[in-house]
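In: Quick one: sequence and predicted model below, then my questions.
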Amino acid sequence: MTETTPAPQIPSREGARTLAEKVWSDHLVKRGEDGAPDLIYIDLHLVHEVTSPQAFDGLRAEGRPVRRPDLTIATEDHNTPTLNIDKPIADITSRTQIETLRRNAKEFGVRLHSLGDAEQGIVHIVGPQLGLTMPGVTVVCGDSHTSTHGAFGAMAFGIGTSEVEHVLATQTLPLKPFKTMAITVEGTLKPGVTAKDIILAVIAKIGTNGGQGYVLEYRGSAIRSLSMEGRMTICNMSIEAGARAGMVAPDQTTFDYLQGRPHAPKGADWDAAVEYWRTLPSDDDAVFDAEVFLDADELEPFVTWGTNPGQGTTLAGEVPDPAAIDDPQLRDSAQRALEYMDLQPGTRLKDIKVDAVFMGSCTNSRIEDLRAFASVIKGRRKADGVRVMVVPGSARVRLEAEAEGLDKVFEEFGAEWRFAGCSMCLGMNPDQLAPGERCASTSNRNFEGRQGKGGRTHLVSPLVAAATAIRGTLSAPSDVLEGALV
Amino acid sequence: MEPFTTHTGVAVPLPRSAVDTDQIIPAVYLKRVTKTGYEDALFANLRQDPSFVLNDPVYAAGSILFAGPDFGTGSSREHAVWALRDYGFRAVFAPRFGDIFRGNSGKQGLLTGVLPEDVIATCWAAIEADPGATATVDLQAETVTLSGETYPFEVDAYTRWRLLEGLDDIGLTLRDEALITQFEQGREAWRPVTLPVRES
């Protein structure tokens, strides 16, 4: 038998522990022996229409119930149209998935927020907004961007459909311990530089597999000073660095965001929870298996030029020359990316014209993201020939935005103000790029064909998306808002 | 689940790195609600290129894939495993795999074995020299044999045991149901519950 290095056992370390180690050990149902994984209890299971039908089918085939419907919640998001939501869904397969979820939720007693419901929306927006996502809990969902919820100091990660079935049946998952990586970002962000730029810079630094096998913990003064929305943006894209989970230690910002939300603890339960949550941050002398440092003072607005989220650079830069890349694999990958993206080395990024701007996705569609986008475009008109779509993350976010008058700002700008869902992040609904179209997108993946077959994606922050929508070329917020940024 | 002990089949080279799950199965195929029948969706976009390896009749019956590093990264879609399995693949070898994909594979009886990059390159060369050659995977011995050479691969001990025994995950866990119930009895009142619904 081949000798392999055993993974460090997260819960078994003595003394000082990291945040991830604490959450892990507090959910240990059974420690694995002889190479078997640990059995971990799951506090919250989020379900959507794409990765659940086969899981419910599996339960039905074995005659198994959902063990804890009261720890399970479903929404419709990946396939939902963002126009004419009161009409039947035209695409037959999309409709089938949604109808299947409705049937399964009813049969198994699972709470479901359907299209048209005020709590419908992208599953990763809905959990936090209802106050279900909280520090020190375990959260899973059949979606890789479940890492979003780690912003609260939860351990949250994406799972496959077999695991969805497993959690439905047992409320547990057999899991191998992870390694831990500290990503420390110290300093103060310049005006116009946001959480999205931090995480794009992190991924460009460590690569799309740099976090593989790790739980990332984002730390340092720049992370501490971020809002919960900003922390969610960062944790959301942990998977794009190869990590299944990313976490931020809970603090007063977390508690303030959570308190008063519908499912947040109340009264004595709240007090007990906060007391426990304050014990969760990593101990001062806790040891991480790996450490990465970033200087927030140095960060600039970021944009991807290639076809994976690690292929990015500062917006002030140029399209890189693959010939200058030493690593042959990275070089080939860059070469292929430039061909797909139809870009020439040396082109100034700010000279690249876009056909579309997508403001949405589980990375950047919370109310704060919409406010940031609106703050840049307010009172202006979009560039001619650029299609701008603004898709709120949830029906609740849409209502909030409308109560603040943001919908008017978007419409006066010439943007399309849509209903909630995953939309053009992955183009499972009609919101897709045409072949060859180029898009500045606040989403999380710039893979080939992700936003529509042949579509070309540049990942950016909401501020960069807004500046780009105004000028029609990739643009930094400072290009349109000299001196006015906060 | 069918136990996996040994398997002999046509070796297929895929000399690309970072073949993510979007490439293994594009999102458009995720709309189905069944658990089988995804063979047509495997590498659907790549297969539109006539020179793609699976379009070569020599490899059409392939069942053992030799891929570049970071195979199966990206989206958690388990359909990627179903598509490989439904096409007929029983094993994939690569220097590195996406974590979620690898976890999903073990549960569906698809073996993902780690081979060093130089060995993968040697295998690509061997297949190119003898297109349609078969390889033999011996999971008990943790080896794969191709063109007379035998290479040890890595698979974690637990997944190996599960594959060899053909064990169902949920059944295994439910053997510990008493421990789960005991854990639930100690669960604090502040932890989230989705029911009854509390209005905003």
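Out: Received the coordinates, thanks. Residues are numbered from 1 along each chain as shown, chains lettered A, B, ... in the order given.

In: Now do the contacts for the closest residue to A:S282 other than its chain neighbours.
Out: Nearest non-adjacent residue to A:S282, counting by Cβ to Cβ, 6 or more residues apart in numbering or on different chains: A:T18, 4.2 Å away. Backbone N, C-alpha and C define where each C-beta goes, glycine included. A:T18 is in contact with A:180, A:182, A:217, A:282-283, A:286-288, counting by Cβ atoms under 8 Å, 6 or more residues apart in numbering or on different chains.

In: where do the helices sit along chain B?
Out: B:21-24, B:79-87, B:99-107, B:117-129, B:157-165, B:169-174, B:177-185 (DSSP state H).

In: And the contacts of the second one?
Out: When contacts are taken as Cβ under 8 Å, 6+ apart, the neighbours of helix B:79-87 outside the stretch itself are A:160-161, B:21, B:24-25, B:29-30, B:32, B:35-39, B:41-43, B:54, B:62, B:65, B:72, B:92, B:101, B:104-105, B:108-110.

In: my read: B:R191 touches A:T138, true?
Out: No. Counting by Cβ atoms under 8 Å, B:R191 does not reach A:T138; the two are 9.8 Å apart.

In: what's the pLDDT at residue 146?
Out: Because you didn't say which chain, this covers chain A. On pLDDT, A:T146 comes in at 97.

In: That was the other one, I meant chain B.
Out: pLDDT at B:L146 comes out at 97.

In: circling back to that earlier point, please enumerate the shared neighbours of B:R191 and A:T138.
Out: A:D43.

In: Looking only at neighbour counts, state which of the two leads.
Out: A:T138 (25 against 18; other Cβ atoms under 10 Å in any protein chain shown).

In: List the buried residues in the longest helix along chain A.
Out: For chain A, the longest helix by residue count, based on DSSP H, is helix A:92-108. Neighbour-count burial for helix A:92-108, counted by 16 or more other Cβ atoms under 10 Å in any protein chain shown, picks out A:93-94, A:96-98, A:100-102, A:104-105, A:108.

In: Among the residues you listed, find me the one that's closest to A:D351.
Out: A:S94 (37.8 Å; Cβ to Cβ).

In: Quick check: chain neighbours aside, which residue is closest to that closest one?
Out: A:N79 (3.9 Å).

In: same thing with A:V391?
Out: A:G360 (3.3 Å).

In: I'd say that neighbour and A:P392 touch.
Out: Yes. If you go by Cβ under 8 Å, A:G360 and A:P392 touch, sitting 7.3 Å apart.

In: between the two, what contacts are shared?
Out: A:R418.

In: buried stuff in the longest strand that chain B contains?
Out: If you go by DSSP state E, chain B has its longest strand at strand B:6-14. The neighbour-count check on strand B:6-14 (16+ other Cβ under 10 Å) flags B:7, B:9-14 as buried.

In: May I ask which helix or strand of chain B has the lowest mean pLDDT?
Out: helix B:169-174 (a mean of 88; mean pLDDT, DSSP states H and E).

In: Tell me where the model's unsure across the stretch 351-486 of chain A.
Out: A:482-486 (pLDDT under 70).

In: on that earlier part again, which one of the buried residues of strand B:6-14 sits closest to A:R331?
Out: Taking the buried residues of strand B:6-14 together and measuring to A:R331 by Cβ to Cβ, the closest member is B:L14, at 18.9 Å.

In: Count the neighbours of A:R278 for me.
Out: There are 14 residues near A:R278, going by other Cβ under 10 Å.

In: secondary structure element for the closest residue to it other than its chain neighbours?
Out: Nearest residue to A:R278, sequence neighbours excluded (Cβ to Cβ, 6+ apart): A:P250, at 7.9 Å. Using DSSP states H and E, A:P250 falls within no helix or strand.

In: My guess is A:P250 contacts A:F152. True?
Out: Yes. In this structure, A:P250 is within contact of A:F152 by Cβ under 8 Å, at 6.2 Å.

In: immediately after the longest strand anywhere in chain A, which helix or strand?
Out: Of all segments of type strand in chain A, defined using DSSP E, the longest is strand A:179-186. Going down the chain from strand A:179-186, the next helix or strand is helix A:195-206, by DSSP H and E.

In: Against which helices or strands is that following helix packed?
Out: Other elements packing on helix A:195-206 under the criterion 3 or more Cβ pairs under 8 Å, 6 or more residues apart in numbering or on different chains; DSSP states H and E are strand A:179-186, helix A:228-236, strand A:290-295, strand A:302-304, strand A:312-314.

In: ok, and what's touching it?
Out: A:183, A:185, A:189, A:210, A:222-223, A:226, A:229-231, A:233-234, A:236-237, A:240-241, A:292, A:294, A:296, A:299-304, A:309-313, A:363-364, A:442, A:459-462, A:464.

In: Please repeat the previous calculation with a cut-off of 7 Å.
Out: A:183, A:185, A:222, A:226, A:230, A:233-234, A:237, A:240-241, A:292, A:294, A:299, A:301-302, A:304, A:309-310, A:312-313, A:364, A:459, A:461 (Cβ atoms under 7 Å, 6 or more residues apart in numbering or on different chains).

In: still on that earlier bit, what about the helices of chain B, which gets the closest to A:E119?
Out: Of the helices of chain B, nearest to A:E119 by Cβ to Cβ is helix B:177-185, at 26.0 Å.

In: Give me the buried positions along the closest one.
Out: B:180, B:183.
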